[in-house]
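Peer 1: No letters, just coordinates:
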């Protein structure tokens, strides 16, 4: 993979890290973070929008509960394929290539979804949409980790989540308006057209994101790494208004010969445990995460709540994610990754249990807000923590395969909900979700390394 010897490559990566760490945090990197935030916002909007449009989609296309479960899970099939393939492509050919072109795919597929005429066409278009969505997230968070300083990585991930949560609030409000004004048939189709125009906007914005200098260095291309970082330094110094500080001292990672097989390197000595931890975290946590978020709207309707009122509940509880994302990122940089992630998992388990027992509109909103607060904290923690577990040469693949593990659970979770409902009822379903989150907390506490305040090269060593 690399044309440099390991010692040269390690020294180059350490030198780049030293230059990155000394950069003042100016508007340039804030703008990069804002552009990358569109990836999470769009993924969250698509998931949440489908949750509260699943009832009108089912009514329009005449879907049974089983068919509705497949409609809810179709995009996750594509996301699993897209995440792993995009991770491999991003590690081999570059982050920016995937980040930009994923827009074209899911934007076009979203437009086609608006014209779906039956279950089969809806499933095909949603799978293709999922491939595009799945491709962008692992790459976006790998880039966020590689561009941002060690002391701010988690906080910036939190701000990315704030942008995502704000997008959820806005799109839930828009869904409520469109369905109320346009009716169920026109309303859900109009929302997918809106997603197409959102993709066009994101495509234009993301063309301004440069390739990662760390990726260039990991592939034995120090000249291009230096050129990109020099441009970042130039823009930063221009906004800073005075000469940049001297580079900080960063020790190079121990020498090791990189494998030409990226997937095999995930299980190289020192990384196998981290890879298994990442996969296990995403599998068990996302099983409950997507089971809740995909079905919550339809379950409320099935319990007698109107479609409009269920969307209103979604609007109210999604607002709880705004402070949670910022607070989680801030705490992770202050307290540590493990403590915050495990704490959020325990809180979401308690919130899910309370939500399952809520009997009135007020209790549903309060318990749902606690649950959404903690869910946002969990998502923020996972997206900040997982890229830190892998070295640059496998970060895209590691993040992509972990995300795919999560997408497997995203498919399984919604499909299991009707079965669990029959066996254990509404309350038992949310109790099962709570147990999944508790298991996730134990995994993090028992096996997770701490990465707070450490540069990527030090953590991945």
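Peer 2: Looks like it came in fine. Given the structure is predicted, the values throughout are model-derived calculations rather than measurements. Residues are numbered from 1 along each chain as shown.
Peer 1: any weak-confidence spans in the stretch 251-400 of the chain?
Peer 2: 251-261, 293-315, 318, 321, 356-359 (pLDDT under 70).
Peer 1: all strands of it, in order?
Peer 2: Counting by DSSP state E, counting those that start in this stretch, the stretch 251-400 of the chain yields no residue ranges for strands.
Peer 1: now the helices for it?
Peer 2: 262-265, 272-302, 307-318, 321-334, 337-357, 361-385, 392-447 (DSSP state H, counting those that start in this stretch).
Peer 1: packing partners for the longest one?
Peer 2: Going back to what we said before, that points to helix 392-447. helix 65-93, helix 119-147, helix 213-218, helix 262-265, helix 272-302, helix 337-357, helix 456-460 (3 or more C-beta pairs under 8 Å, 6 or more residues apart in numbering; DSSP states H and E). All C-beta atoms are positioned from the backbone trio N, CA, C, and that covers glycine.
Peer 1: rewinding a little: could you dump the helices of the stretch 251-400 of the chain to JSON lines with mean neighbour count and distance to residue 75?
Peer 2: Listed next are these as JSON lines, based on neighbours: other C-beta atoms under 10 Å; distance: least, C-beta to C-beta, whole Å:
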{"stretch": "helix 262-265", "mean neighbour count": "16", "distance to residue 75": "24"}
{"stretch": "helix 272-302", "mean neighbour count": "23", "distance to residue 75": "10"}
{"stretch": "helix 307-318", "mean neighbour count": "22", "distance to residue 75": "18"}
{"stretch": "helix 321-334", "mean neighbour count": "22", "distance to residue 75": "20"}
{"stretch": "helix 337-357", "mean neighbour count": "23", "distance to residue 75": "23"}
{"stretch": "helix 361-385", "mean neighbour count": "24", "distance to residue 75": "17"}
{"stretch": "helix 392-447", "mean neighbour count": "22", "distance to residue 75": "8"}
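Peer 1: quick revisit: between the helices and strands packed on helix 392-447, which one is nearest to residue 425?
Peer 2: helix 337-357 (8.9 Å; C-beta to C-beta).
Peer 1: ends of stretch 206-222, how far apart?
Peer 2: Terminal residues of stretch 206-222 are spaced 24 Å apart (C-alpha to C-alpha, to the nearest Å).
Peer 1: before we move on, back to that, same list (the helices of the stretch 251-400 of the chain) but as TSV, adding distance to residue 26.
Peer 2: Conversion of those to TSV gives the following (distance: least, C-beta to C-beta, whole Å):
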stretch	distance to residue 26
helix 262-265	34
helix 272-302	32
helix 307-318	31
helix 321-334	19
helix 337-357	26
helix 361-385	21
helix 392-447	24
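Peer 1: out of those helices, nearest to residue 247?
Peer 2: Of all these, helix 392-447 comes closest under C-beta to C-beta, at 18.2 Å.
Peer 1: between that closest one and helix 361-385, how many degrees?
Peer 2: 130 degrees (axes from the mean of the first three to the mean of the last three C-alpha atoms, to 10 degrees).
Peer 1: how close does the closest residue to residue 39 other than its chain neighbours get to residue 339?
Peer 2: What sits nearest to residue 39 in space, not counting adjacent residues and going by C-beta to C-beta, 6 or more residues apart in numbering, is residue 140, at 3.7 Å. Separation of residue 140 from residue 339 (C-beta to C-beta, to the nearest Å): 25 Å.
Peer 1: Low-confidence ranges, the stretch 51-200 of the chain, go.
Peer 2: Looking at the stretch 51-200 of the chain by pLDDT under 70, you get 51-52, 164-165, 167-169, 171-172, 175-176, 179, 182-185.
Peer 1: In space, what's closest to residue 190 - neighbours in sequence excluded?
Peer 2: residue 178 (5.3 Å).
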